[in-house]
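Undergrad: model this:
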Amino acid sequence: MPLELRPGAGETLDSICGGEVKVLQRRRGYRFTLDPVLLAHFAVYDAGTIRGPLMDLGTGCGIIPLILARRLGCDSITGLELQPSLFSLAERNVYLNRCEREVSLVRGDLCCVSRLFPKASFSHVLCNPPYRAREQGRISTDMEKAIARHEIACELEDVVRSAAYLLRCRGSFCVVYPASRLSELMAALRVGRLEPRTVRMVHSRSGRPAKLVLMHAVKGAPTGLSVLPPLVIHANDEQAFSHEVSAMVE
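TA: Predicted coordinates:
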């Protein structure tokens, strides 16, 4: 049966990247934020040219593979998603954006990647993981949102362990994470033998504390960390995006 590519009841059809990427989402379910947009561009422009097969762990509605394929010219992309509702949206979005050749989807648990993929079968892994520990803050009653935001189905260590399994030697792992948990991220990467190589702090406005960190780590690489200039989301005290972010979303 052909997939329904029009928004149904309780769904929206949104567009980003100057209309190049169209995304079906549920009004009341988990909806993507700016974070995966920043991560996709960081992986291509700041972490180095992407060549070879790429995995997006926890792809949600498929936003990262769609940006990589439609805006950034990547192919051989696989999106892994646990939740059936989000997997269904991702599948429809791939066809909606005519990315069937560039993007393939697999429904499964990132904690069980060894059952789904051969070891060292990817050159790049990206992930926009849940940001909040299970005991941190109120957990949404909407399970789709809860799993995406809180470490219910996976924790940071699970994400790093899965990335390390999937990556070839000298393969790259790019992740976006809260700046407040940077020390946890660095420790987890070192345990997984994914050496931090490039980091960029993300600030809502100039002069404000960093909210997020964009991290690029390489499997089996020597030590040596490059700290890039900060990425500022909003220009001054205005709501408008900075020039750099505007170029990503518009």
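Undergrad: helices along this protein, start to end?
TA: Using DSSP state H, the helices of the chain run over 35-41, 63-70, 84-96, 143-149, 156-166, 182-191, 243-249.
Undergrad: need those helices in JSON lines with mean pLDDT, can you?
TA: Shown next, in JSON lines, are those (pLDDT from 0 to 100):
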{"stretch": "helix 35-41", "mean pLDDT": "96"}
{"stretch": "helix 63-70", "mean pLDDT": "96"}
{"stretch": "helix 84-96", "mean pLDDT": "95"}
{"stretch": "helix 143-149", "mean pLDDT": "65"}
{"stretch": "helix 156-166", "mean pLDDT": "97"}
{"stretch": "helix 182-191", "mean pLDDT": "96"}
{"stretch": "helix 243-249", "mean pLDDT": "94"}
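Undergrad: for Leu182, what are its contacts?
TA: Applying C-beta atoms under 8 Å, 6 or more residues apart in numbering to Leu182 gives the contacts Val213. C-betas here are computed from N, CA, C, even on glycine.
Undergrad: any idea which strand is longest in this protein?
TA: Criterion DSSP state E: the longest strand present in the chain is strand 167-178.
Undergrad: show me what counts as buried in that one.
TA: Within strand 167-178, the residues that count as buried by 16 or more other C-beta atoms under 10 Å are Leu167, Arg168, Gly171, Ser172, Phe173, Cys174, Val175, Val176, Tyr177, Pro178.
Undergrad: and these, which two are the farthest apart?
TA: Spatial extent of the buried residues of strand 167-178 (C-beta to C-beta) is set by the pair Arg168 and Pro178 at 28.4 Å.
Undergrad: hmm, who's touching stretch 114-125?
TA: By C-beta under 8 Å, 6+ apart, the residues outside stretch 114-125 that reach it are 43, 50-57, 78, 80, 106, 108, 162-163, 165-169, 171-174.
Undergrad: if you set the cut-off to 6 Å instead, what comes out?
TA: 50, 52-55, 108, 163, 165-168, 171-173 (C-beta atoms under 6 Å, 6 or more residues apart in numbering).
Undergrad: distance between that stretch and the chain's centre?
TA: When C-alpha coordinates are averaged (C-alpha atoms, centre = their mean, to the nearest Å), stretch 114-125 and its chain have centres 17 Å apart.
Undergrad: what about that stretch, how long is it end to end?
TA: In stretch 114-125, first residue to last residue: 15 Å (C-alpha to C-alpha, to the nearest Å).
Undergrad: in that stretch, which residues are buried?
TA: Result for stretch 114-125 [16+ other C-beta under 10 Å]: buried residues Leu116, Phe117, Ser121, Phe122, Ser123, His124, Val125.
Undergrad: of those, which belong to strands?
TA: Phe122, Ser123, His124, Val125.
Undergrad: what bridges to the third one?
TA: For His124, the residues forming beta bridges with it (DSSP bridges) are Leu54, Ser172.
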